[in-house]
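K.L.:
When you get a sec, could you give me coordinates for this:
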Amino acid sequence: MFSKTIIFSALVALVVSTSPSANPTPQVPVVSQDFDLAPDGSYKFNFESADGIKQEQHGAPKVVDKDVVVEVVAGSASYTDLEGGKHEISYVADENGYQPIGADIPVAPKIPPMIARALQYIADHPHPEEKQ
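P.N.:
Take a look at the predicted model:
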């Protein structure tokens, strides 16, 4: 009898813990959306949601070499975080790779002056080749 009570309690706890949330995350409607595709392979699209998320992008094929064609893509995306801060990133992707630009992209710290001097000293005084 005791084991049946334990099993029943475990089943009740499982059902209660998997019940739908009282406050499900609301779906955010799309305010505007556009997509154009041209016969030459170029395209452009953009969308904006009701919570302020925006994205736009355009791309077109580019002949880099005689037999090499790459897609050149450029665009941007932006959103507002829960604290009200605006975040935006712009980017280009082409034969040189993905190149993002934005204030939220981390950058390497500046090289300390002592390290910079040491690196310059090493560059100015190369190690002589050892003779065999």
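
K.L.:
Check for me that Thr25 belongs to a strand.
P.N.:
No: according to DSSP: H, G, I helix; E, B strand; the rest coil, Thr25 belongs to no strand; its state is coil.

K.L.:
Let me see the backbone angles for the residue lying closest to Leu119 once chain neighbours are set aside.
P.N.:
Nearest residue to Leu119, sequence neighbours excluded (CB to CB, 6 or more residues apart in numbering): Ile111, at 7.5 Å. (Each C-beta comes from the backbone N, C-alpha and C, glycine too.) Note on Ile111: backbone dihedrals following degrees, to the nearest 10 are phi -70, psi 130.

K.L.:
Repeat that for the one 5 residues further on.
P.N.:
Per-residue torsions, Ala116: phi -60, psi -40 (degrees, to the nearest 10).

K.L.:
So what's the residue count around it?
P.N.:
Neighbourhood size, Ala116 [other CB atoms under 10 Å]: 11.

K.L.:
do Ala123 as well
P.N.:
8.
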